[in-house]
Structures are given as C-alpha cells and as structure tokens.
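> The following block contains a protein sequence and its predicted model.
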Amino acid sequence: GRGADLAGRRLVVSAGGTREAIDPVRFIGNRSSGLQGYALARTAVARGAEVTLVAANVSLPDPAGATVVRVESALELREAVLAALEGADAIVMAAAVADFRPAAPHDSKIKKTSAGPEPVHLVENPDILAELGERRREGLKPYPRVIVGFAAETDDVLANGRAKLARKGCDLLVVNQVGAGLAFGTPDNAAVVLGADGERAEVPRGPKEDLADVVWDLVAERLA
Ligand code: C5P
C-alpha cells in the first residue's frame, strides 16, 4: 500500500463533463461519467490528501472526505478550479470540457416553427488546462506546482499524446485509448501516462482506481 504518502498535500481534481446551454432545457454535452475523476479523488483521500473535487454533471455519490464543488458549464468549471487552486499543490484535469459553447443561449425554450430549425452559433471555450500551464510560466497565481491532463485518443495514441502534452504545457498527460469497451462509462481503464520529462508509464487494463494510484505516484514524485 501507499500509506498516507499524500498527507499534507492539497489536491484538486476535475471530473465529469460540462454542459453548455442552448436554451433553458437543452444543452451540448458529452459522455463522460465522472468515474475516473471520482476514483482519483477517492484514492487521494485514502492516501491522506486534502481533496477538492470539481464535479461537472456527475450522478455519483460524493466521495467521503473530499470537498465537492458542483458545476455545469466550462466557464463555471474554470471559476471553480481557479478558486480551488488557492494554496493547492497539484491539479488533475480529468473532466471532459466542451471546446465550444452556444454564443447566445436562448432565455426561453426554442419553439418548433414552420420556418425550420435555426443554426446554433458556437464560440470557443477557454482551454483551462493550457491556461494553468501559462499561468505557471508567467508566475500568475494561483497555479499548482504539478499539472496533469487527460486525453482520449482513438489513433496514433503516443504521437498525439506527446503533441498534446507539449501544446498544453502540463507535466503529465494520461492518454486513454478510447473504444474497445474502455474509458467512457466503464469501471475499467487502460492508459499510458506521458511526462514532460520523458516519463512513459503504461497502465494495463484494470479498475480506474489502479490508474488513479499510478497518477498519484507520479504526482507525489514530482512534489517531493
Ligand atoms: O484538447 P483536449 O480536449 O483533448 O484536452 C483534454 C484535456 O484538456 C483534459 O485534461 C481536459 O480537462 C482539458 N481541457 C480543458 N479545457 C478545455 C478542453 C480541455 O481544461 N476547454
């Protein structure tokens, strides 16, 4: 076991998937269940850390011992993450954040008319992970000492993962191969964790807690 090797560490985890409002009843969302982020929060608490879990639209019970902040959209998630980062040592961005949001969500429910459907215009959301890397480069507080991202790739997993790690300026990137009954909504995961320092840790298919523990091992090394 890892004992209480994260005692005294303040860790932030984002989990779930954002929802971007089209009107009061409709949204653009994604298939993230939040299971991996919740496993990260649970394992960190078990290892003695103080954990803030920023949960976007997750229908799972709160992990015991973690502070849970519930959000809906990417902009709300960004605000919650920045607030949680005050005094935090590390962040793992496991949430699936929408790249785009409707430019002007309707105040009332869009009606079906004979004129046919209206297009939904989209604008880009901030890339929160990339922003954290930039804040750290610029010394703009709050920023965490260790920054971890997630990436789901379907092909060229390693090449795309390396490129994304560099682009996002994070220390570690957990690259999931999606498909084949893995990742979204399943209890199991398989991944390769890439590091800006050349790290490459293969995590074979297993419970999401196993991958979470490997991530925290790598974070703990970098905080030491
Ligand atoms: O670019 P991509 O969406 O594949 O990157 C995934 C990683 O970036 C995840 O860690 C996710 O939480 C983070 N992300 C973010 N803000 C966005 C999009 C993704 O922080 N707007």
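Sure, I can see it.

> What pLDDT is listed against the nearest residue to residue 87 once chain neighbours are set aside?
Distances taken as C-beta to C-beta, 6 or more residues apart in numbering put residue 10 closest to residue 87, at 5.8 Å, once the chain neighbours are dropped. Any C-beta I mention is one placed from the backbone N, CA and C, and that applies to glycine too. Among the per-residue scores, residue 10 holds a pLDDT of 98.

> residues near residue 10, how many?
Close neighbours of residue 10, defined as other C-beta atoms under 10 Å, add up to 17.

> what's near enough to touch the residue nearest the centre of the chain?
Among the residues of the chain, the one closest to the centroid is residue 94, at 2.2 Å (C-alpha atoms, centre = their mean). Each residue near residue 94 by C-beta atoms under 8 Å, 6 or more residues apart in numbering is listed here: 13, 14, 15, 36, 37, 40, 150, 174.

> which of these lies closest to residue 88?
Nearest to residue 88 among the contacts of residue 94: residue 13, at 10.4 Å, using C-beta to C-beta.

> what sits opposite the closest one in the beta ladder?
Beta-bridge pairing for residue 13 (DSSP bridges): residue 53, residue 92.

> Tell me where the model's unsure across this protein.
Confidence mapping of the chain against pLDDT under 70 gives the ranges 1, 179-185.

> Could you point out the longest helix of it?
Secondary structure assigned by DSSP state H gives helix 208-223 as the longest helix of the chain.

> Which positions within that one qualify as buried?
Residues of helix 208-223 classed as buried by neighbour count (16 or more other C-beta atoms under 10 Å): 208-220, 222-223.

> how far out from the middle of the chain is it?
The chain centre lies 15 Å from the centre of helix 208-223; the measure is C-alpha atoms, centre = their mean, to the nearest Å.

> Which elements pack onto that helix?
Secondary-structure packing of helix 208-223 (3 or more C-beta pairs under 8 Å, 6 or more residues apart in numbering; DSSP states H and E): helix 35-46, strand 90-93, strand 146-153, strand 172-177, strand 188-195, strand 200-207.

> Throw those into a markdown table and include mean neighbour count and distance to the ligand, thanks.
Formatted as a markdown table, those follow (neighbours: other C-beta atoms under 10 Å; distance: least, C-beta to the nearest ligand atom, whole Å):
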| stretch | mean neighbour count | distance to the ligand |
| --- | --- | --- |
| helix 35-46 | 26 | 9 |
| strand 90-93 | 27 | 4 |
| strand 146-153 | 22 | 4 |
| strand 172-177 | 23 | 8 |
| strand 188-195 | 20 | 12 |
| strand 200-207 | 13 | 16 |
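
> how about these in JSON lines, adding distance to residue 63?
Listed next are the helices and strands packed on helix 208-223 as JSON lines, based on distance: least, C-beta to C-beta, whole Å:
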{"stretch": "helix 35-46", "distance to residue 63": "5"}
{"stretch": "strand 90-93", "distance to residue 63": "14"}
{"stretch": "strand 146-153", "distance to residue 63": "18"}
{"stretch": "strand 172-177", "distance to residue 63": "19"}
{"stretch": "strand 188-195", "distance to residue 63": "17"}
{"stretch": "strand 200-207", "distance to residue 63": "15"}
